[in-house]
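J.: sequence and computational prediction follow.
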Amino acid sequence: MKDFSGKTAVITGGASGIGLAMAELFAAQGMKLVLGDIESDALTTAIEKLSAGGAECVGAVTDVSDPDQVQALADLAVERFGGIHIACNNAGVFTGGLLWEESLADYRWLMDVNVMGVVHGIRSFVPIMQAQGDECHIVNTASMAAVTAMPYSGIYHMSKHAVLALSESLYHELSFHSPQVKISVLCPEAINTGIATSERNRHTQYSDVVESDERNMVMDALNASVAGGIGPEVMAQRVLDAVINERFYIFSDELWRRSAETRLEDIRLGRNPTFAPPIPE
């Protein structure tokens, strides 16, 4: 897709971080915007900011773990703007700890948001795009955690591996059945966003948390990492470039790529997993 003016983008997790950065960049291309976010106040602020800049923008409070709320977001896009041309399944959360100590609520929360949120987006957005018959693009936000595996964040890695595999399978299915609908998977590194404090939006059904030194350690490390991370606008530009060039994989910087390559080499050689964190040599 190279012509964006007058077309519509739907973005979950659109009120902050990478989602808001994508919204701002898409608006600069002349797109209409439909934002979904679980945080009502942040969503209102984002819509006001984008509208003040001249964008046509609407939004709805959206918990992506709820398929009905995601469908309502899709319906809003069709009702207000007539369709969907770019759909960004971007909402995500994080928690950490030891895999045998973390609660079932931890597992369910990350899978419900990070994986099922993408599933709900695919099921709601893709049929609309197929029916339109024109050029469209899906962007699923995974992570460099999708191509690596590190200790103390195993549930997050598992969820993002699932997003990547789901997206790769969807790439092939769309190629066979709806070649006008393209797809990319975004795999960010450490980005200056609010993911380190995503537990602020953790619902009561996921309230069982097991405190541990390992959990505190990884949360502290994540806070420090994102505080010094690159700006979300860099990710937004990568996404726009991928949409224009119909590129599926949107990967990260060289440190994370080296970690991913080490893991791939482990698999290729059948050797035991190498601990290869993305740190400068």
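T.: Arrived safely, thanks for sending. Numbers count the residues shown, from 1 in each chain.
J.: show me where the protein has strands.
T.: Counting by DSSP state E, the chain has strands at residues 8-12, 32-37, 57-61, 86-89, 136-141, 181-186, 249-250.
J.: how far does the first one sit from its chain's centre?
T.: Averaged C-alpha coordinates place strand 8-12 at 12 Å from its chain's average position (Cα atoms, centre = their mean, to the nearest Å).
J.: contacts for that strand?
T.: 19, 22-23, 26, 31-37, 62, 64, 70, 73-74, 77, 81-91, 117, 121, 125 (Cβ atoms under 8 Å, 6 or more residues apart in numbering). Using the backbone N, CA and C atoms, a C-beta is placed for each residue, glycine as well.
J.: the bottom helix or strand of the chain by mean pLDDT?
T.: For the chain, the helix or strand with the lowest mean confidence is helix 213-227, at a mean of 92 (criterion: mean pLDDT, DSSP states H and E).
J.: figure out how far it is from the centre of its chain.
T.: Computed by Cα atoms, centre = their mean, the chain-centroid distance of helix 213-227 equals 20 Å.
J.: pull out the buried residues from that helix.
T.: Glu214, Arg215, Val218, Met219, Leu222, Ser225, Val226 (16 or more other Cβ atoms under 10 Å).
J.: same for that helix, what does it pack against?
T.: Helix 213-227 sits against no helix or strand, with contacts defined as 3 or more Cβ pairs under 8 Å, 6 or more residues apart in numbering; DSSP states H and E.
J.: what's that helix in contact with?
T.: So helix 213-227 is contacted by 94-98, 101-102, 152-153, 190-193, 195-197 (Cβ under 8 Å, 6+ apart).
J.: I'd like to know which of the residues you listed is nearest to Glu56.
T.: Thr193 (25.1 Å; Cβ to Cβ).
J.: for stretch 177-193, measure first residue to last.
T.: 36 Å (Cα to Cα, to the nearest Å).
J.: longest helix anywhere in this protein?
T.: If you go by DSSP state H, the chain has its longest helix at helix 154-177.
J.: I'd say Thr193 and Ala15 touch.
T.: No. Using Cβ atoms under 8 Å, Thr193 makes no contact with Ala15, being 11.3 Å away.
J.: of the two, which one has the most company?
T.: Legend: neighbour count by other Cβ atoms under 10 Å for Thr193 and Ala15, higher for Ala15 (28 against 22).
J.: the chain: helices as residue ranges?
T.: Using DSSP H, helices in the chain cover 17-28, 40-52, 67-81, 104-110, 116-132, 154-177, 213-227, 232-245, 254-269.
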